[in-house]
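Engineer: Sequence and predicted structure below; questions after.
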Amino acid sequence: NAGVTQTPKFRILKIGQSMTLQCTQDMNHNYMYWYRQDPGMGLKLIYYSVGAGITDKGEVPNGYNVSRSTTEDFPLRLELAAPSQTSVYFCASSYSRHRTEAFFGQGTRLTVV
Amino acid sequence: RKEVEQDPGPFNVPEGATVAFNCTYSNSASQSFFWYRQDCRKEPKLLMSVYSSGNEDGRFTAQLNRASQYISLLIRDSKLSDSATYLCVVNMAQGGSEKLVFGKGTKLTVNP
C-alpha cells in the first residue's frame, strides 16, 4: 500500500544550492501535482502533469522545474534555492479527470538558509 | 475573484456543536468538488466528495449550489477528533486539461 511516496522528508539547503524532490506513485494515476504550503496558508499549485511527457505550470512555478518521463515519477527540481522557497512541498496524484480524488504524499519540509 | 475562497475561520466550538463551512468558486464550468481534511503537519486527505444532489456521510453533510457557485460542509455533533483544517477543493478546467485548486482552509478546534 505505498500510494504516493516523497523523498526526502526533511532537507536544509543553503541559498543558491539546488536539489530534486522525488515523487513516485504506484497507483497508475495519470495526473500528478506538486503543491507548496507555507505556514498557516493554503496549498498553492506549482506544476502539474496529465500524463507522461506532459507538464504545465500552476500558480507559482517560478524557481522550479519538473519532468514526467514515466507515469510513476514526477520529480520537482529547485535551482538556485532562495529563502522564499522555505515551505512544505506535497506531491499528489489522481486517476483521471473523472476520478479526481487526489492522494498525497507525506510531504517534504524544506528550509533554505 | 480568487479561484476558491473559504471562510477564513478559525472556528472554536464546544463538543456536540454543529458547525458549517462555506466555500465559493470562480469557474462555473467546474465539475468536481471535494472537502479534504488536513491535520497539523500532515498531508491532506479526502473527507468527502460533493455531489449535485447533496450527500451525507455520518455526521458530515456536503451541499453544492451550482447557480451560486457555492459549496458547504456541515458537521453535526462535533467530536474532539474533528479538530483539523478543512480544505475546499475544486477541479477546474484549464486549456484542455484540469487541475485541482485548493482553498486556504478553515481551521476547526473542538473544545471539551
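Structural biologist: Looks like it arrived, so ask away.
Engineer: check which helix or strand covers residue A:55.
Structural biologist: strand A:54-57 (DSSP states H and E).
Engineer: Which positions in that strand come out as buried?
Structural biologist: A:55-56 (16 or more other CB atoms under 10 Å in any protein chain shown). Placement of C-beta: from N, CA and C, glycine included.
Engineer: same thing with stretch B:2-10?
Structural biologist: Buried, per 16+ other CB under 10 Å, within stretch B:2-10: B:3-4, B:6-7, B:9.
Engineer: Kindly check the end-to-end length of it for me.
Structural biologist: Counting by CA to CA, to the nearest Å, you get 19 Å between the two ends of stretch B:2-10.
Engineer: That stretch: how far from the chain's middle?
Structural biologist: Mean-position distance between stretch B:2-10 and its chain equals 10 Å (CA atoms, centre = their mean, to the nearest Å).
Engineer: can you tell me how far the closest residue to residue B:34 other than its chain neighbours sits from residue A:54?
Structural biologist: Of all residues not flanking residue B:34 in the chain, residue B:89 sits nearest, at 4.2 Å (CB to CB, 6 or more residues apart in numbering or on different chains). Shown here: residue B:89 relative to residue A:54, a distance of 22 Å by CB to CB, to the nearest Å.
Engineer: what does residue A:45 give?
Structural biologist: 15 Å.
Engineer: before we move on, the earlier item: CA-only coordinates of the host helix or strand of the residue nearest to residue B:34 in PDB, if you can.
Structural biologist: Counting by DSSP H and E, the element that carries residue B:89 is strand B:84-94. Coordinates of the C-alpha atoms in strand B:84-94 are reproduced here as PDB (Å, rounded to 0.1, in the frame of the first residue of the first chain):
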ATOM      1  CA  ALA B  84      -8.400  19.900  11.900                       C
ATOM      2  CA  THR B  85      -8.200  22.200   8.900                       C
ATOM      3  CA  TYR B  86     -10.900  21.700   6.300                       C
ATOM      4  CA  LEU B  87     -10.000  22.400   2.700                       C
ATOM      5  CA  CYS B  88     -12.500  23.100  -0.100                       C
ATOM      6  CA  VAL B  89     -11.200  21.700  -3.400                       C
ATOM      7  CA  VAL B  90     -12.500  22.300  -6.900                       C
ATOM      8  CA  ASN B  91     -11.500  20.600 -10.100                       C
ATOM      9  CA  MET B  92     -11.100  23.400 -12.600                       C
ATOM     10  CA  ALA B  93     -10.700  23.200 -16.400                       C
ATOM     11  CA  GLN B  94      -7.700  24.900 -17.900                       C
END
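Engineer: Against which helices or strands is it packed?
Structural biologist: strand B:4-6, strand B:19-25, strand B:32-38, strand B:70-75, strand B:97-102, strand B:106-111 (3 or more CB pairs under 8 Å, 6 or more residues apart in numbering or on different chains; DSSP states H and E).
Engineer: What sits closest to residue B:14 if chain neighbours are left out?
Structural biologist: residue B:111 is the one closest to residue B:14 (CB to CB, 6+ apart), at 5.5 Å.
Engineer: give me the number of residues near the one you found?
Structural biologist: Using other CB atoms under 10 Å in any protein chain shown, residue B:111 has 11 neighbouring residues.
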